[in-house]
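Give the three-dimensional model of this entry:
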Amino acid sequence: MDRINDYEVKPGPIVLFGSGETSPSGRRIFDHAMRSLPPRPKVALLETPAGFELNSPQVIGRVGDFISRRLQNYEPQITVVPARKRGTALSPDNPDLIAPLYDADMIFMGPGSPSYAVRQLRDSLAWYALLASHRLGATIVFASAATVSASLYAIPVYEIYKVGEDLHWKDGLDFFGQYGLPLVFVPHWNNNDGGDELDTSRCFMGQPRFAELMEMIPSDLTVLGIDEKTALVIDPQTCTCRVIGQGGVTILHAGPAHRKAVAPEGLNGTGLQEVAQLRNGHVHQYANGQFFSLSRIGPFRDPRAGEGLPPEVWQRALEARQTRLISDEGNTPEDTPPAEVLALVNERQEARANKDWVAADQVRQRIAALGWQIQDTPAGPKVMRSEQ
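The predicted model follows:
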């Protein structure tokens, strides 16, 4: 990890929804993400993907209402960032408008159009602020359209599915490019809105068209399909990935199979084995509750502090993060639990959720051995240094 002015540069978790961010499954996923945030976390909702829609405020407002009501125990402080369109007063390049992104503990971006999101956010102040805040620890939550737009190459869903344009890809925002991972995300992986008459899986592309699309992108990319009402949670600090929700996550890798790849007989009728073979690759599938190593996706690298970001954006993000660390309840950076402790806190919360009190107590003891203690509060666990 890099250090700037004695502060560690530690990327925060990334939550990638396949869909269902305001469903009961979504509540469970948000709950998991908020457990490691400070008390009364600041949550910024970036409106951009839906900015072209006349009801854009209502679209993002539903997410805000959901978080406020369903996650009220965390007392989230929610701010909508209405960065709808470049060249207007509500532009993602308006420094005053996007200011809440620098101060956020969690940044959410969700429904709308992937193509519109990419067009409005590429090289914008809003996007750079999001990247900088994430490198300094903010949790990033992408859902549906935002998940698509975060890819190296993005499926233009509306253009193909609704307008009938020929199959093609658009350059995405490439969120994971800063970490050395060339990834493509396909939410709504198991969608069945079309019923028996129309295959709407693979983000409404259907299996045949998806197979054609896969032939149009470089074979060395990793493609991740995320089911409906399901999320993939990536934690760079513990180098782990976890599936949460009603479905699963499918990973299409290039190259020869390695350990734990799904056997071909497990993919009959899905078209995935054929796609993998065309790319000289293989497939992994993970179900709800399963963990796997981040290395399964690819070699994650930590960028240098402000690498690839405008200096003024990085400096502003750094100042905002340092101010938060010092001002939040009088804490100093030394009072911030390390990643190892936060991972154990999450493990204990899972044990408590499963009513495995013995396991929960054992994890508490492991946390105590590292010099920290947990206080259970209505807003979630509070982690403090043990008194000497």
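
domain parsing for the chain?
3-296, 337-385 (automatic domain parsing).

Between those domains, which one is closest to Pro311.
Pro311 sits nearest to domain 3-296 of all those, at 10.6 Å, using C-beta to C-beta. Heads up, the C-betas are built off the backbone N, CA and C, glycines and all.

Just checking the distance from that closest one to the centre of its chain.
6 Å (C-alpha atoms, centre = their mean, to the nearest Å).

Make 18 the starting number, not 1.
Sure, I'll start numbering at 18, so the last one becomes domain 20-313.

Report the mean confidence score over it.
For domain 20-313, mean pLDDT rounds to 90.

which SS state does Val165 fall under?
Assigned by DSSP: H, G, I helix; E, B strand; the rest coil, the conformation of Val165 is helix.

My guess is it contacts Ile177. True?
No. Using C-beta atoms under 8 Å, Val165 is not in contact with Ile177, being 11.8 Å away.

higher neighbour count, the two?
More neighbours surround Val165 than the other of Val165 and Ile177, with 30 against 19 (other C-beta atoms under 10 Å).

Would you mind listing the residues in contact with Leu63?
Going by C-beta atoms under 8 Å, 6 or more residues apart in numbering, Leu63 touches 98, 100, 118, 124-126, 143, 147.

Adding secondary structure, write the residues you listed out as JSON lines.
Shown next, in JSON lines, are these (three-state DSSP):
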{"residue": "Val98", "secondary structure": "strand"}
{"residue": "Ala100", "secondary structure": "coil"}
{"residue": "Leu118", "secondary structure": "helix"}
{"residue": "Ile124", "secondary structure": "strand"}
{"residue": "Phe125", "secondary structure": "strand"}
{"residue": "Met126", "secondary structure": "strand"}
{"residue": "Ala143", "secondary structure": "helix"}
{"residue": "Leu147", "secondary structure": "helix"}
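
So which of the domains of the chain is nearest Val330?
Taking these one by one with C-beta to C-beta, domain 20-313 is closest: 4.5 Å.

Please report how far Gln317 lies from Glu324.
Quick fix: residue 317 reads Phe, not Gln. Note on Phe317: its distance to Glu324, by C-beta to C-beta, to the nearest Å, is 15 Å.

What segments of the stretch 268-405 of the chain are strands?
298-304, 308-310, 389-394, 397-402 (DSSP state E, counting those that start in this stretch).

Now do the buried residues in the longest one.
When you say that, I think you mean strand 298-304. Using 16 or more other C-beta atoms under 10 Å as the test for burial, strand 298-304 gives 298-303.

Tell me how many other residues crowd the closest residue in space to Arg87 that isn't next to it in sequence.
Setting aside the residues directly before and after it, Arg87 is nearest to Arg44 in space (C-beta to C-beta, 6 or more residues apart in numbering), at 4.5 Å. Look at Arg44: counted by other C-beta under 10 Å, it has 17 neighbours.

Next: the one 10 residues further on.
The local packing of Leu54 (other C-beta under 10 Å) involves 21 other residues.

Leaving out the residues flanking it, which one is nearest to it?
Asp122 (4.7 Å).

again, but for Gly264
The nearest residue in space to Gly264 (C-beta to C-beta, 6+ apart) is Asp244, at 2.6 Å.

Who are the contact partners of that neighbour?
With contact set as C-beta under 8 Å, 6+ apart, Asp244 has these partners: 35, 206-207, 262-266.

Out of those, grab the one that's most surrounded.
Gly35 (31 neighbours).

Now do the contacts for that residue.
161, 164, 204-206, 242-248, 262, 264 are the contacts of Gly35 under C-beta under 8 Å, 6+ apart.

so which of the strands of the stretch 268-405 of the chain comes closest to Arg139?
The nearest among the strands of the stretch 268-405 of the chain, by C-beta to C-beta, is strand 298-304 at 28.7 Å.

packing partners for that closest one?
strand 257-262, strand 265-271, helix 289-295 (3 or more C-beta pairs under 8 Å, 6 or more residues apart in numbering; DSSP states H and E).

can you rerun that using 6 Å?
Under the contact definition 3 or more C-beta pairs under 6 Å, 6 or more residues apart in numbering; DSSP states H and E, strand 298-304 sits against strand 265-271, helix 289-295.

May I have that strand as PDB, with CA atoms only?
Taking Å, rounded to 0.1, in the frame of the first residue of the first chain, the C-alpha atoms of strand 298-304 are listed here in PDB:
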ATOM      1  CA  GLY A 298     -11.200 -20.800 -22.000                       C
ATOM      2  CA  HIS A 299     -13.100 -22.300 -19.100                       C
ATOM      3  CA  VAL A 300     -15.900 -21.500 -16.700                       C
ATOM      4  CA  HIS A 301     -16.400 -21.000 -13.000                       C
ATOM      5  CA  GLN A 302     -19.700 -20.700 -11.200                       C
ATOM      6  CA  TYR A 303     -20.300 -19.600  -7.600                       C
ATOM      7  CA  ALA A 304     -23.500 -19.700  -5.600                       C
END
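
Pull up the pairing partners for it, direction included.
Applying DSSP bridges, strand 298-304 is found paired with strand 265-271 (antiparallel).

Would you mind pulling the contact partners of the partner strand?
236-237, 239-244, 249, 260, 296, 298-304 (C-beta atoms under 6 Å, 6 or more residues apart in numbering).

re the thing from before, just want to know which of Phe317 and Glu324 has more residues nearby.
Phe317 (16 against 12).

sorry, back to before: for the contacts of Gly35, pick the one with the most neighbours.
Using other C-beta under 10 Å as the neighbour test, those are led by Ala248, with 34 neighbours.
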